[in-house]
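Peer 1: coordinates only, sequence not included:
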DNA sequence: CAGGCAAAAATTGTATACAATTTGAAGCAG
DNA sequence: CTGCTTCAAATTGTATACAATTTTTGCCTG
């Protein structure tokens, strides 16, 4: 039986990876607090190491550290949500074009396996896992384009997108973006850069349009506030 | 008389800021090592805080931390150098266009003061300071465009550009980009977005072309290597 | 005297102890 | 019972002590 939490064998990077996964899969939701000694108990290391991991995640925008109060899973504002998808629209299409020019058969089968895993996750009713895999698909493309600088930035954007989706996703339905990914792979297979660029642009607009980015009434932070009227 | 190093009054952010400035102004050159207790002596805090600062800078790409060996000012490879300016060419022109649409008179005078400070730095034979100010000019534009996400990314890119320039700048001459910045301000004053976009694109290409990005023979890292032949 | 081995010094990595701050609860006046 | 103050508990921030690793030094051998 696999236990999520095993003691005594964890480096800062492993902790970062596991916590990041948890956020990406929405097992840790925006606003959730990560207490330091709780995390250190779970992973069997001292707070020193935990703090490294938490700070690393804060730099990616996944966590927000409030002085003397602790680390919380970030809650992107509406403005940030818009900015994230604007930035992705700026960066990803041209990256997809570059990827189309460099892609190898090995890369293509890797992307296909990615989509397959995504389908399986949906079948097993694990939408969080599917979402995480979907994000990795986009990152793979930057890797294939062989642009590490862009990839690093995109990693942050995808992370924040996950938070945005957790907060502002319209439907409870599964995300139906497999088709878009399939179409992208077809373009890659034909090494059709302009097509890949267009498809990516449309795909991002599609996701963007499925978000509910009107002004929300801020969910009351305090119970007291929630009951005030 | 202002002393660069004052003890007992330093937070992690202040240390990060001062060290970042030193790197941006090329007082700390690529490859330089930053020992933890040396830094903690200088700033009068414990290594705990210093390590926070060093890690923060590593996340921005300014430092490279090698396990059990320490923190060094990063030495971007040729590939990274290309990537940085490709990324800037992707991001900055459209940001300049957005800035032109939102700029206020206050912003314009701020940018003008920036250029003025840059000139003064050059007159006083402080090319490092001038370079730092030049980078901040580009960041200001992202701020004016009111795009924090892009600004954050651009901050990293500008930082790395400084390292690239330290390693690959062709001439020892002063950088003659004030004209480009002046032209940009003119476009901003006219609120001419497309012009600002074009100017920025040309400006970046100009800098890029002044780099010597052919294969360098690697400057010997070790004294032993340097004397080998 | 070059080369390599070994011990010592220096440096970074981690854990723990203590200080500062915030949070929550108990008590009390109105 | 509401609102306020005060005190205790919980939590994070910082410094220090110790462990692990790397780097240097000195010595010995060939």
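Peer 2: Done, it's in. Nothing here was measured: the structure is a model prediction, and the numbers come from that model.

Peer 1: ok, longest helix in chain A?
Peer 2: If you go by DSSP state H, chain A has its longest helix at helix A:78-102.

Peer 1: Residues touching whichever helix or strand comes after that one, excluding its own?
Peer 2: Toward the C-terminal end, the helix or strand that comes next after helix A:78-102 (DSSP states H and E) is helix A:105-123. Residues outside helix A:105-123 that contact it (CB atoms under 8 Å, 6 or more residues apart in numbering or on different chains): A:127, A:129-130, A:133-134, A:136-137, A:140, A:144, A:174, A:178, A:181-182, A:185, A:188-189. C-betas here are computed from N, CA, C, even on glycine.

Peer 1: Same question for stretch A:65-85.
Peer 2: Residues contacting stretch A:65-85 (CB under 8 Å, 6+ apart): A:23, A:28-36, A:54-55, A:57-58, A:61-64, A:157, A:160-161, A:163-164, A:167-168, A:204, A:207-208, A:211, A:213, A:215-216, B:147-150.

Peer 1: Can you get me the start-to-end distance on it?
Peer 2: Start to finish, the residues bounding stretch A:65-85 are 24 Å apart (CA to CA, to the nearest Å).

Peer 1: Is any residue of that stretch near DNA strand D?
Peer 2: Yes. Contact of stretch A:65-85 with DNA strand D (CB under 7 Å from any atom of the strand) involves A:65, A:67, A:68, A:69, A:70, A:71.

Peer 1: Switch the residues you listed over to CSV; also include neighbour count, secondary structure and distance to residue A:97.
Peer 2: Output for these, formatted as CSV (neighbours: other CB atoms under 10 Å in any protein chain shown; DSSP: H, G, I helix; E, B strand; the rest coil; distance: CB to CB, whole Å):
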residue, neighbour count, secondary structure, distance to residue A:97
A:65, 16, strand, 37
A:67, 5, coil, 43
A:68, 4, coil, 47
A:69, 9, coil, 44
A:70, 14, strand, 43
A:71, 24, strand, 38
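
Peer 1: and whichever residue of chain A sits closest to DNA strand C, what does it touch?
Peer 2: Closest residue of chain A to DNA strand C, CB to the nearest atom of the strand: residue A:46 (3.2 Å). For residue A:46, the contacting residues are residue A:40, by CB under 8 Å, 6+ apart.

Peer 1: Likewise for the one 4 residues further on?
Peer 2: Residues near residue A:50 by CB under 8 Å, 6+ apart: A:15, A:36, A:39, A:40, A:43.

Peer 1: is any part of stretch A:95-103 close to chain B?
Peer 2: No. Using CB under 8 Å from any CB of the partner chain, stretch A:95-103 stays clear of chain B, coming no nearer than 8.9 Å.

Peer 1: List the buried residues for that stretch?
Peer 2: Neighbour counts using 16 or more other CB atoms under 10 Å in any protein chain shown place A:95, A:96, A:97, A:98, A:99, A:100, A:103 of stretch A:95-103 among the buried residues.

Peer 1: go on, stretch A:67-83?
Peer 2: Buried residues in stretch A:67-83 (16+ other CB under 10 Å): A:71, A:72, A:73, A:74, A:75, A:76, A:78, A:80, A:81, A:82, A:83.

Peer 1: Kindly report the same for stretch A:33-53.
Peer 2: So for stretch A:33-53, counting by 16+ other CB under 10 Å, buried means A:34, A:36, A:39, A:40, A:42, A:43, A:45, A:49, A:50, A:51, A:52, A:53.

Peer 1: Just the ones of these in strands?
Peer 2: residue A:34 (DSSP state E).

Peer 1: Which two among the buried residues of stretch A:33-53 are spaced furthest apart?
Peer 2: Spanning the widest gap among the buried residues of stretch A:33-53 are A:42 and A:52, at 15.3 Å by CB to CB.

Peer 1: Specify the angle between the helix or strand hosting residue A:153 and helix B:148-168 in degrees.
Peer 2: In this assignment (DSSP H and E), residue A:153 forms part of helix A:148-168. Counting by axes from the mean of the first three to the mean of the last three CA atoms, to 10 degrees, helix A:148-168 points 170 degrees away from the direction of helix B:148-168.

Peer 1: what's the following helix or strand after helix A:148-168?
Peer 2: helix A:178-189.

Peer 1: Give me the buried positions along that following helix.
Peer 2: For helix A:178-189, by 16+ other CB under 10 Å, it's A:178, A:180, A:181, A:183, A:184, A:185, A:187, A:188.

Peer 1: Nearest to residue B:10, out of the contacts of helix A:105-123: which one, please.
Peer 2: So of the contacts of helix A:105-123, ranked by how close each gets to residue B:10 (CB to CB), first place is residue A:136, at 40.1 Å.

Peer 1: Give me the pLDDT for residue A:165.
Peer 2: On pLDDT, residue A:165 comes in at 94.

Peer 1: Residue A:33 pairs with what?
Peer 2: Beta-bridge pairing for residue A:33 (DSSP bridges): residue A:72.

Peer 1: residue contacts, it?
Peer 2: Here residue A:33 is in contact with A:70, A:71, A:72 (criterion: CB under 8 Å, 6+ apart).

Peer 1: Can you tell me how far it is from residue A:132?
Peer 2: To residue A:132, residue A:33 is 22 Å away according to CB to CB, to the nearest Å.

Peer 1: do residue A:187 as well
Peer 2: Applying CB to CB to residue A:187 and residue A:132 gives a distance of 24 Å.

Peer 1: what does chain A put close to DNA strand D?
Peer 2: A:33-37, A:47-48, A:51, A:65, A:67-71.

Peer 1: make it 6 Å
Peer 2: A:35, A:36, A:37, A:67, A:68, A:69, A:70 (CB under 6 Å from any atom of the strand).

Peer 1: Grab the two from the residues you listed that are most spread out in space.
Peer 2: The span of the residues of chain A next to DNA strand D, defined through CB to CB, is set by A:37 and A:67 at 17.9 Å.

Peer 1: Spatially central, which residue of chain A would that be?
Peer 2: residue A:159 (3.3 Å; CA atoms, centre = their mean).
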